[in-house]
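A.B. asks: predicted model, plus sequence, below.
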Amino acid sequence: MRRCVTLLTDFGQADTYVGVLKGVLLSLNPDLQIVDLTHTIPPQAIALAGFHLAQAWPYFPADTIHIAVVDPGVGSARRAIAAQWINGCFIGPDNGLLTHVLQGGWPQQVVELTNPAYGHPAGRSATFHGRDVFAPAAAHLSLGVPLTDLGRPVDVSTLCQLPLAGYESIGNGWRGTVQQVDHFGNLVTTLPSSLLVQCHPASSWSLWAAGRRIPLGLTYSSVPPQALVAVVGSHGYWEIAVNQGHAQAMLQLGIGDPVELRPAP
Amino acid sequence: MRRCVTLLTDFGQADTYVGVLKGVLLSLNPDLQIVDLTHTIPPQAIALAGFHLAQAWPYFPADTIHIAVVDPGVGSARRAIAAQWINGCFIGPDNGLLTHVLQGGWPQQVVELTNPAYGHPAGRSATFHGRDVFAPAAAHLSLGVPLTDLGRPVDVSTLCQLPLAGYESIGNGWRGTVQQVDHFGNLVTTLPSSLLVQCHPASSWSLWAAGRRIPLGLTYSSVPPQALVAVVGSHGYWEIAVNQGHAQAMLQLGIGDPVELRPAP
Amino acid sequence: MRRCVTLLTDFGQADTYVGVLKGVLLSLNPDLQIVDLTHTIPPQAIALAGFHLAQAWPYFPADTIHIAVVDPGVGSARRAIAAQWINGCFIGPDNGLLTHVLQGGWPQQVVELTNPAYGHPAGRSATFHGRDVFAPAAAHLSLGVPLTDLGRPVDVSTLCQLPLAGYESIGNGWRGTVQQVDHFGNLVTTLPSSLLVQCHPASSWSLWAAGRRIPLGLTYSSVPPQALVAVVGSHGYWEIAVNQGHAQAMLQLGIGDPVELRPAP
C-alpha cells in the first residue's frame, strides 16, 4: 500500500517551492501518495495553520506523515522535529504548529531532526528547511527508517504551544470568538457543537454576533436565501453562515471577534 | 492499474476541505490516483461546474469516478446520487451538475446514495456531504462495490437538469452567447465548431460581438499581437481571443452576452 | 517504480485545462506520479517559466519528464520538442522555455514531435498542444517508447534561447538585477551566492538596492522583525527579504531593477 504524506505550508502556488519539496520526497520514495492540505496559509500564520492541521489530520490513514512548514524562524534556534501519534506523524518546525493537535493528546515519541544522514545530501540551507530537512526526513521515515534514528529525543512537555482561543461560560450561555473565516465566508467560532447538540429553529436559543440575533438551523438552506443562520459546521464548531451568501461580508467580522450562544433575553 | 478519481468543487484552496475529502478517499483506498479538475468554481455556480465537468470527462480513463461537489442544497431534500455511463461514473448531488454531461446521452444506471454502510462511519453531517457521502461512496465503488449496493435505483428521467444556453439560426447565420470566460480572458461561445468547420481569415464570414466584427482564424497568432480573432477553441466551440492579450478585458463581455456568426452584410 | 511527470503552465487553476492534460496522461499510463510545479505563470511569461523550470528540475528523479506549456505561439511555426538530459527530459514548445536549463549544459538528444502516432488520437488542434501533442508524447515516453521514435532529430544549436539577465563586475563589487519576486515578497537577484560565500552581518559588504544599504545575513531572522536583510536564498542567489515582512512592498522594486553587491564607500 502506498504511504500518504500531506503538505501544509505558506509557500503559495505561484513559485515552485512546493514542487521542489515534492521532488525531494519522490527522489527518495517514488511511490508516495502526496496530498496538498493547503499552501495558501497567510505568510507566518502559525495559529491558523495549526487549526487546519488538526482539522484535517483525523481523516487520513493512521500511517500518514503530515509535513507542515509555516516557519518564520527558519535558520534560527527553533527545533526541527518529528512527533509520532498513534494516528499519524508530524514533521516540521517546533514553533506552535502542533498547538491544536496537542489538544487531542500527547505524542508517543518526539525527536529533534539532528541526524544529517537523513537530511538533504546538499546540506541544510538557512532558508528552506522544507526542502533540506523536513521532506528528506519524511521520505526516509516512509521507507522504514525508525523515528529514533532521525535525531535526539525531545521531552514532549517542552513542545512549543501557542495561546489557544477558547470559550467561557456567561451564566445563561457561552461566549467564544471567531477562529476562522472559510472560503465561503462562513465564520467558524470556538464554540463546540457539544455545548448545545439539540437545537431547533424554533428554539429560544440563538447565536449572537455583531449585535444581531442569528437563528440556529440544521442546514444552510433551512433559512431563505441571503438570510443568516448558525449551524454546526463540518469542523464540529458552531459557525455563522448566509444561505447562498457570504457571512463575513455581511457581518464584517473577523478572527477574534466575540460571539455568544444564549437564549433570547 | 490504479483507479482514477477526479474532484470538481467550489471549496477553494485556502481551507482543508479538499484535503479532508482526499483523506477520506485514501483511508478507504490508499492506491487511488486522485486528480483535481478545479476547486475554484465560484460558490454555488452549478451551471459553470457542469460545463467544466462535461469538457474534462472525455479525456479520462473510462473507469474514472468523477466527484463533483457544488452543493448549495446540502442537507436539504436534494438527492445524493451515483450515475454510471460507459465512459465514466458521476458521484455528487442531483442538482443540475449533470446538465451538460447528459447532452451526450443517458447514464446506464443511477442510484441514490441511501445505504449508510457506504457512507462515512461517523455518519452524515448536514453541511459536508463531500466528506460524509460522496467520497466514501466513490472509494467503495473503486474497491469493487457494485453501484446498485450504494442505494436505491433512480429513474434517469427524473435527474435534475438546468436550462442550457444554446444558439439559434438567424437566417444568414447563427446567434449564440458567451458561456464561459477562461483564465486567459478568452470568451468561449455556445456556437459549436461544426457550424462552420472550414474558415479562412479571408472569408466573408466573421464573428460579431460587442458591435465589432471579429475575423475568423486558425490560431491565436494568425493575427497581430493585441488583435482580436475568433478561433475554434479546445472545447470545440468558437471562442473570441486576443493574440497575447485578454479578450474579456478588451470587449467587456461576460457570460450570457450575445454573439453572432455570419457573413459581412 | 512509478515514473514522475511534472507540469509547469500558464493555464491557471480556474478552468479544467490542467485536468484535461492529466486525463490524457493517465488514459495512456494510469500509474504516473504527476506533480504540479505551478500553473500560475502569468500568461505568456516564457522567461519566468524558464527560471522556475531550471530551479525545480534538479530536485526530481533523473527519469522525470518535465512538461512545460507556456505557449503563445501554439499553432504557429514554432517547433514542439522533446529534449533529453542525463537528469531529466523536457517536453514542450521550442520558444525559449529551456533558456535557463541550457545554462547547465546541452541535452544529449532532441527531437521535434512530428510523429502523429504518438499524438492524441483525435489529432492536433490549433490551440491546445498541451493536450494534443505534449501530454501524449510524455505518456508514450514514460511507457518506454524511444525518444527518437517521437519525431525527427533537432540540432541542439538551433534551440530557441531568450536573452538572460546576468550581472557584471563594477570594480569594487558586482551589479545585477532582480530576476524574480516570490510569494513572500522576497526579491531574488541575479547575483549568485558564489560571488561572496563568506559573509557576516558585521562585514563591510552589503547589498544596495533602491538607494538603501541592506545588511547581509545568514537567516531571515538574523535581523529584527520588519527589517531588511540580504540572504543567500534557496535558489542559490542573493535575495532581499524583510524578516516577517514583504520586501517587494517595502522597496517597490520589480523584475529588472538594479541591485549591487559591494562594500560601503
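C.D. replies: Yep, that arrived. Numbers count the residues shown, from 1 in each chain, chains lettered A, B, ... in the order given.

A.B. asks: name the element A:Ala137 belongs to?
C.D. replies: helix A:135-142 (DSSP states H and E).

A.B. asks: what's stretch A:133-145 in contact with?
C.D. replies: Stretch A:133-145 is contacted by residues A:3, A:5, A:21-22, A:24-25, A:27-29, A:32, A:65, A:67, A:69, A:80, A:82, A:89, A:91-92, A:113, A:118-120, A:124, A:147, A:150 when judged by CB atoms under 8 Å, 6 or more residues apart in numbering or on different chains. Heads up, the C-betas are built off the backbone N, CA and C, glycines and all.

A.B. asks: grab the nearest non-local neighbour of the residue nearest to the spatial centre of chain A.
C.D. replies: Nearest residue to the geometric centre of chain A (CA atoms, centre = their mean): A:His52, 2.1 Å. Distance criterion CB to CB, 6 or more residues apart in numbering or on different chains; nearest residue to A:His52, sequence neighbours excluded, is B:Thr16 at 4.7 Å.

A.B. asks: next up, the contacts around that neighbour.
C.D. replies: B:Thr16 makes contacts with A:Leu8, A:Leu37, A:Thr38, A:His52, A:Gln55, A:Ala56, as judged by CB under 8 Å, 6+ apart.

A.B. asks: go again with 10 Å.
C.D. replies: Going by CB atoms under 10 Å, 6 or more residues apart in numbering or on different chains, B:Thr16 touches A:6, A:8, A:35-38, A:51-57, A:59, A:182, A:235, B:22-23.

A.B. asks: next step: those restricted to helices.
C.D. replies: Assigned to helices by DSSP state H, the following of the contacts of B:Thr16 qualify: A:Phe51, A:His52, A:Leu53, A:Ala54, A:Gln55, A:Ala56, B:Lys22, B:Gly23.

A.B. asks: the last one against A:Leu53, yeah?
C.D. replies: No - in this structure, B:Gly23 is not within contact of A:Leu53 by CB atoms under 10 Å, at 11.9 Å.

A.B. asks: which of the two has more neighbours?
C.D. replies: Neighbour tally, B:Gly23 and A:Leu53, criterion other CB atoms under 10 Å in any protein chain shown: the higher count belongs to A:Leu53, 27 against 24.

A.B. asks: close to chain B: what parts of the stretch 101-250 of chain A are there?
C.D. replies: Contacts of the stretch 101-250 of chain A with chain B, taken as CB under 10 Å from any CB of the partner chain, map to A:180-186, A:188, A:193, A:217-222, A:225, A:231-236, A:239, A:241, A:243-246.

A.B. asks: which residues of chain A fall in helices?
C.D. replies: A:17-28, A:46-56, A:129, A:135-142, A:247-251.

A.B. asks: so for B:Ala209, which of these sits nearest?
C.D. replies: Comparison of the helices of chain A against B:Ala209 by CB to CB identifies helix A:247-251 as nearest, at 32.4 Å.

A.B. asks: residue contacts, the spatially closest residue to A:Val259 that is not a sequence neighbour?
C.D. replies: Counting by CB to CB, 6+ apart, A:Ala209 is the residue found nearest to A:Val259 once chain neighbours are left out, at 4.4 Å. Counting by CB under 10 Å, 6+ apart, A:Ala209 makes contact with A:176-178, A:187, A:189, A:228, A:230, A:240, A:247, A:251, A:253, A:257-261.

A.B. asks: most neighbours among these, please name it.
C.D. replies: Neighbour counts for the contacts of A:Ala209 were taken using other CB under 10 Å; the highest belongs to A:Leu187, with 31 neighbours.

A.B. asks: so who does that one touch?
C.D. replies: The contact partners of A:Leu187, taken as CB under 10 Å, 6+ apart, are A:177-181, A:207, A:209-210, A:214, A:230, A:233, A:237-242, A:247-248, A:250-251, A:253-255, A:257, A:259.

A.B. asks: same thing but 6 Å
C.D. replies: By CB atoms under 6 Å, 6 or more residues apart in numbering or on different chains, the residues touching A:Leu187 are A:Val178, A:Val181, A:Ile240, A:Ala247, A:Leu253.

A.B. asks: for A:Gly185, same thing?
C.D. replies: Here A:Gly185 is in contact with A:His246, A:Ala247, A:Gln248, A:Ala249 (CB under 6 Å, 6+ apart).

A.B. asks: mind checking how far the residue located most distally from the centre of chain A is from chain C?
C.D. replies: Note on chain A: the largest C-alpha distance from the chain mean falls to A:Pro265, namely 35.9 Å (CA atoms, centre = their mean). Using CB to the nearest CB, to the nearest Å, we find A:Pro265 at a distance of 44 Å from chain C.

A.B. asks: likewise for A:Val5?
C.D. replies: Distance from A:Val5 to chain C, counting by CB to the nearest CB: 12 Å.

A.B. asks: what residues are up against A:Phe184?
C.D. replies: Shown in contact with A:Phe184 (CB under 6 Å, 6+ apart): B:Pro43.

A.B. asks: from A:Leu196, how far out is the closest residue to A:Gly256 other than its chain neighbours?
C.D. replies: Leaving out its chain neighbours, the residue that sits closest to A:Gly256 by CB to CB, 6+ apart is A:Thr177, at 5.4 Å. The gap separating A:Thr177 from A:Leu196 is 17 Å, by CB to CB, to the nearest Å.

A.B. asks: ok, which pair from the ones in helices among the contacts of B:Thr16 is furthest apart?
C.D. replies: Among the ones in helices among the contacts of B:Thr16, the pair separated by the greatest distance (CB to CB) is A:Phe51 and B:Lys22, at 18.4 Å.

A.B. asks: residues touching the spatially closest residue to A:Arg175 that is not a sequence neighbour, list them.
C.D. replies: If the residues on either side of it in the chain are set aside, A:Arg175 comes closest to A:Glu260, at 4.9 Å by CB to CB, 6+ apart. A:Glu260 makes contact with A:Gly173, A:Arg175, A:Trp208 under the criterion CB under 6 Å, 6+ apart.

A.B. asks: hang on, the earlier thing: now, which of the contacts of A:Gly185 sits nearest chain B?
C.D. replies: Distance ranking of the contacts of A:Gly185 against chain B, using CB to the nearest CB, places A:His246 first at 7.8 Å.

A.B. asks: which residues touch the closest one?
C.D. replies: A:Gly185.

A.B. asks: mind checking how far it is from chain C?
C.D. replies: Per CB to the nearest CB, A:His246 is found 19 Å from chain C.

A.B. asks: what's the burial count for the nearest residue to A:Ser193 once chain neighbours are set aside?
C.D. replies: Excluding the flanking residues, the one nearest A:Ser193 by CB to CB, 6+ apart is A:Val232, at 4.2 Å. For A:Val232, the neighbour count with other CB under 10 Å is 23.

A.B. asks: A:Gln109 too?
C.D. replies: Close neighbours of A:Gln109, defined as other CB under 10 Å, add up to 16.

A.B. asks: got it, and the one 10 residues further on?
C.D. replies: Neighbourhood size, A:Gly119 [other CB under 10 Å]: 23.

A.B. asks: A:Thr127 now?
C.D. replies: Using other CB under 10 Å, A:Thr127 has 21 neighbouring residues.
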